[in-house]
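In: sequence and predicted structure are below.
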Amino acid sequence: MAFEKTSSEAAENRMALEIAQQKDAKSTSTISELSSLVREQKARLAELSRAKSDQVAEMKERIQQLEGHLDEARRRMIQFEMLKKEHAKLQADLHAQESLVAGLREEKKVWGDELAQQGATLAQDRGRLESRVESLQAEISELRRKSERDQDALRIKAKVCVLYCVLVLQCIVLTRRCSTLRTLRSSDTLLLTMSFIRTELAKRAFRCAAPSVWNSLPSFITNSSSLTTYKFQRLETYFFRLSFDCSVHV
């Protein structure tokens, strides 16, 4: 009974041992599987961590690049705002310049019209003035010719008058010197007696004009020693100097 009991216990123990061995084999296989799984998970985690670190580094680099691009964009936005303000200022200056140019064009047009009108007026005035100048030049030439003729006539008349006065004075002097009645007021100055005249017309008579002309002559002419000296040397020289406003030496 004890043997059977021991045998049954041994069989049970053997069965329990087999079960335990099976469980141990299963647990060992499970542990190996789990360890391999853990190793795989660790490898995956390492790969994931490396990938994550790579991604973080890449993201950091990308962020730095994006920050650089953002700074560049900000600078460009500032430049764009400045350019926009400058563009607005240039647009305002351009509008002002265009308005100024338009005003200058209008003023140029007005000045052009005024200059055209003034040019037409000046052309008309020039034509009138040219015709007036031509007429004046013709008048001047005519007056010059007339003046030359008058001067020639005056020269001839002056010569005739001088000769006439010389002859008259010669006759008077010879007559006075030869007559017994002496009408001279002074023997030193040889002056002739002037008649009392009341009217201007009577002064032009020969008996009044001749003594007046004789008395107006300087003493160096009236006291000439001869007729030739009196006529050709002193009298003509005296009248010549009077004609050209020269000084007459007494």
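Out: Happy to help now that I have it.
In: run a quick neighbour tally on residue 223.
Out: 13 (other Cβ atoms under 10 Å). No exception for glycine: its C-beta is placed from N, CA and C like everyone else's.
In: looking at residue 164 now. What's its pLDDT?
Out: Residue 164 carries a pLDDT value of 66.
In: go on, the one 3 residues further on?
Out: You'll see residue 167 listed with a pLDDT of 66.
In: can you check residue 190 too?
Out: So residue 190 comes in at 62 (pLDDT).
In: now for the helix or strand where residue 96 lies, which elements pack on it?
Out: Using DSSP states H and E, residue 96 falls within helix 2-178. In terms of contacts (3 or more Cβ pairs under 8 Å, 6 or more residues apart in numbering; DSSP states H and E), helix 2-178 is packed against helix 206-216, helix 236-243.
In: mind redoing it with 6 Å?
Out: Where contact means 3 or more Cβ pairs under 6 Å, 6 or more residues apart in numbering; DSSP states H and E, helix 2-178 is packed against helix 206-216.
In: could I get the helix it packs on in PDB with only the CA atoms?
Out: The C-alpha trace of helix 206-216 is given here as PDB (Å, rounded to 0.1, in the frame of the first residue of the first chain):
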ATOM      1  CA  PHE A 206      23.700 202.300 -97.200                       C
ATOM      2  CA  ARG A 207      24.500 205.600 -95.500                       C
ATOM      3  CA  CYS A 208      23.900 203.900 -92.100                       C
ATOM      4  CA  ALA A 209      25.000 200.400 -92.700                       C
ATOM      5  CA  ALA A 210      28.400 201.300 -94.200                       C
ATOM      6  CA  PRO A 211      29.700 203.400 -91.300                       C
ATOM      7  CA  SER A 212      28.400 200.800 -88.900                       C
ATOM      8  CA  VAL A 213      30.400 198.000 -90.600                       C
ATOM      9  CA  TRP A 214      33.500 200.200 -90.900                       C
ATOM     10  CA  ASN A 215      33.300 201.200 -87.200                       C
ATOM     11  CA  SER A 216      32.900 197.500 -86.200                       C
END
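In: and after that helix, which helix or strand comes next?
Out: helix 219-222.
In: only the buried residues of that following helix, if you could.
Out: For helix 219-222, the neighbour count (16 or more other Cβ atoms under 10 Å) marks 221, 222 as buried.
In: now do it: distance to the chain's middle.
Out: In this view, helix 219-222 has its centroid 72 Å away from the chain centroid, taken as Cα atoms, centre = their mean, to the nearest Å.
In: follow-up on the earlier one: got the angle between the helix holding residue 96 and helix 236-243?
Out: Computed by axes from the mean of the first three to the mean of the last three Cα atoms, to 10 degrees, the angle separating helix 2-178 from helix 236-243 equals 150 degrees.
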